[in-house]
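Chemist: with the input below, show me the fold.
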Amino acid sequence: MNNILNQIGIENFIFLSVILFCIGVFGVLYRRNAIIVFMSIEIMLNAVNLLFVAFSTYHQDAQGQVFVFFSMAVAAAEVAVGLAILVSIFRNLGSITIDNLKNLKG
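Modeler: Below is the predicted model of the structure:
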């Protein structure tokens with residue numbers, strides 16, 4: 001991997017990660033569907049994980065990769081709980097748009 005990092009350059013990994021993070025931010029801010037908002041949050045998390053792995057490889061230290069492993073495990077649990085909540089809301093309301101979810105706070 002270090003040979004690949006030397007060929008591609010860490011700047012390109014940073015650039016890709018920034019682009020992915022910006023796509024995720026725009027998805028969270030401008031979309032009204034809750035599933036797309038969850039997917040955008042996952043894109044942002046994966047952009048950060050990409051940077052952790054790139055910098056971990058660059059510095060030849062495995063701590064960043066271990067952190068990514070645990071981060072992905074927590075993200076999988078978060079998605080499972082979030083989708084379960086969205087399915088429950090869809091069964092009760094018939095829609096999962098963000099505008100309808102604002103009426104749930106009481």
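
Chemist: so where is the chain shaky, pLDDT-wise?
Modeler: The model of the chain has pLDDT under 70 over residues 1-2, 104-106.

Chemist: what's the helix or strand in which Phe38 is found packed up against?
Modeler: Using DSSP states H and E, Phe38 sits in helix 34-58. Helices and strands touching helix 34-58, by 3 or more C-beta pairs under 8 Å, 6 or more residues apart in numbering; DSSP states H and E, are helix 2-8, helix 10-30, helix 63-93, helix 98-101. In this view, the C-beta of every residue, glycine as well, is placed from N, C-alpha and C.

Chemist: what's the first one in contact with?
Modeler: Outside helix 2-8, the residues within contact range by C-beta atoms under 8 Å, 6 or more residues apart in numbering are 13, 54, 57-58, 60.

Chemist: what does the second one give?
Modeler: With C-beta under 8 Å, 6+ apart as the test, helix 10-30 has contacts from 5, 36-37, 39-44, 46-48, 50-51, 54-55, 58.

Chemist: got the buried residues for stretch 85-93?
Modeler: Residues of stretch 85-93 classed as buried by neighbour count (16 or more other C-beta atoms under 10 Å): 86, 89.

Chemist: contacts for that stretch next, please.
Modeler: Against stretch 85-93 from outside (C-beta under 8 Å, 6+ apart): 34-35, 38, 96, 100-101, 104.

Chemist: please repeat the previous calculation with a cut-off of 10 Å.
Modeler: Contacts to stretch 85-93, defined as C-beta atoms under 10 Å, 6 or more residues apart in numbering, come from residues 33-35, 37-38, 95-96, 100-101, 103-104.

Chemist: which SS class is Gln60?
Modeler: Following DSSP: H, G, I helix; E, B strand; the rest coil, we place Gln60 in the coil state.

Chemist: before we move on, the earlier item: buried subset of the contacts of helix 10-30?
Modeler: Buried by 16+ other C-beta under 10 Å: 37, 39-44, 46-48, 50-51, 54, 58, out of those.

Chemist: dump the residues you listed to a markdown table, plus distance to Phe67.
Modeler: Below are the buried ones among the contacts of helix 10-30 laid out as a markdown table (distance: C-beta to C-beta, whole Å):
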| residue | distance to Phe67 |
| --- | --- |
| Val37 | 25 |
| Met39 | 22 |
| Ser40 | 22 |
| Ile41 | 18 |
| Glu42 | 17 |
| Ile43 | 18 |
| Met44 | 16 |
| Asn46 | 14 |
| Ala47 | 15 |
| Val48 | 10 |
| Leu50 | 13 |
| Leu51 | 11 |
| Ala54 | 13 |
| Tyr58 | 15 |
